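1. got a structure for you, letters missing:
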Ligand code: ADE
């Protein structure tokens, strides 16, 4: 069950927990439309996060509103120019009155983790610059951005989806966004392990049965089963995470028991 929250301004504390996120993008509608759903929508309505979009094209001096140019040294593709981005950044700071931490989304960035999302959620303001085309003039990363961020080792057509990933991961960590029951401390990754398998009604579907232990009502047994599943799943699917996870002697016993026992181990 989700607890209903009051808009921050109704509580007379408009800026108490509110965070401002500016997005500098050539595709403002992409960000606007995708932030109109679910938790991110609700967080905006509740005054917990304010999302504002700025188009660097609005800061170009020429008739064609040029935001990119061919690379010095030759080669294919176009490169996003530094001046419109610099002006857009200044406009965001002026509009918000805040000196937000600047994140540049690009595949060369440091791969984002849950720890980064948590760190950014503590900032009063973020400005996300979405890279595009063949890349962004390196001077943006070197002199204007605080961090370059990648969301994974694959190349997207632009930085808008990475910006939405950042917005989503950060917003759900802001106080008051998740209900008590779904507190972020219980997230997979927060404790260095993947989550456990979840089931709901019906108990059987095409003969695919929900594991008996979950129907037993035995709270302790359920907790042990879930922990064992987290451990085994992480070891199998993410050995890199498993190697770094804080594993106790009890965990080791639990895994050994579960592997030897007849418990089914779902995917
Ligand atoms: N732009 C294109 N691909 C990207 C990625 N994987 N992460 C962040 N920005 C990107």
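-> Cool, got the structure. All values derive from a computational prediction rather than experimental measurement. Numbering: from 1, shown residues only.

2. what does the stretch 1-150 of the chain put close to the ligand?
-> Residues of the stretch 1-150 of the chain found near the ligand (C-beta under 6 Å from any ligand atom) are 105, 106, 107, 109, 131, 150. C-beta: built from backbone N, CA, C; applies to glycine.

3. Give me the buried entries from the residues you listed.
-> Among these, those classed as buried by 16 or more other C-beta atoms under 10 Å are 105, 106, 107, 109, 131, 150.

4. Can you convert those residues into JSON lines and add a column each for pLDDT and secondary structure?
-> Formatted as JSON lines, these follow (pLDDT from 0 to 100; DSSP: H, G, I helix; E, B strand; the rest coil):
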{"residue": "105", "pLDDT": "98", "secondary structure": "strand"}
{"residue": "106", "pLDDT": "97", "secondary structure": "strand"}
{"residue": "107", "pLDDT": "95", "secondary structure": "strand"}
{"residue": "109", "pLDDT": "97", "secondary structure": "strand"}
{"residue": "131", "pLDDT": "94", "secondary structure": "coil"}
{"residue": "150", "pLDDT": "98", "secondary structure": "strand"}
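
5. Taking those residues, tell me the two that lie furthest apart.
-> 131 and 150 (10.2 Å; C-beta to C-beta).

6. Name the residues contacting each of those two.
-> Counting by C-beta atoms under 8 Å, 6 or more residues apart in numbering, the contacts common to residue 131 and residue 150 are 105, 106.

7. which residue packs closest to the residue nearest the centre of the chain, ignoring adjacent ones?
-> Closest to where the C-alpha atoms of the chain average out (C-alpha atoms, centre = their mean) is residue 169, at 2.6 Å. In space, and not counting its chain neighbours, residue 169 is closest to residue 117: 4.0 Å by C-beta to C-beta, 6 or more residues apart in numbering.

8. Show me which helix runs longest in the chain.
-> Ranked by number of residues, the top helix in the chain under DSSP state H is helix 219-237.

9. now for it, which elements pack on it?
-> Counting contacts by 3 or more C-beta pairs under 8 Å, 6 or more residues apart in numbering; DSSP states H and E, helix 219-237 packs against helix 239-244, helix 249-260.

10. Quick one: low-confidence residue ranges for this structure.
-> 1-17, 181, 186, 262-265, 267 (pLDDT under 70).

11. Okay, helices next: where are they in it?
-> With DSSP H as the criterion, the chain has helices spanning 28-34, 38-45, 82-96, 114-121, 138-139, 160-171, 219-237, 239-244, 249-260.

12. so how far is the longest one off the chain centroid?
-> Helix 219-237 sits 25 Å away from the centroid of its parent chain (C-alpha atoms, centre = their mean, to the nearest Å).

13. Could you do the second one as well?
-> Per C-alpha atoms, centre = their mean, the displacement of helix 38-45 from the mean C-alpha position of its chain is 15 Å.

14. how about it: buried residues?
-> 39, 40, 42, 43, 44.

15. Could you check the helices and strands packed on helix 219-237 and tell me which one is nearest residue 215?
-> Here helix 249-260 is closest among the helices and strands packed on helix 219-237 (C-beta to C-beta), at 17.7 Å.

16. what helices or strands is the closest one leaning on?
-> By 3+ C-beta pairs under 8 Å, 6+ apart, helix 249-260 packs against helix 219-237.

17. buried residues in the helix it packs on?
-> Those would be 222, 224-235, for helix 219-237 by 16+ other C-beta under 10 Å.

18. Which single one of these is nearest to the ligand?
-> residue 234 (23.5 Å; C-beta to the nearest ligand atom).

19. I'd say the closest one and residue 246 touch.
-> No: Residue 234 is beyond contact range of residue 246, at 11.8 Å (criterion: C-beta atoms under 8 Å).

20. wait, doesn't residue 255 sit right on residue 230?
-> No: using C-beta under 8 Å as the test, residue 255 is too far from residue 230 to be in contact (10.0 Å).

21. Tell me the spacing between residue 61 and the ligand.
-> Residue 61 sits 27 Å away from the ligand, going by C-beta to the nearest ligand atom, to the nearest Å.
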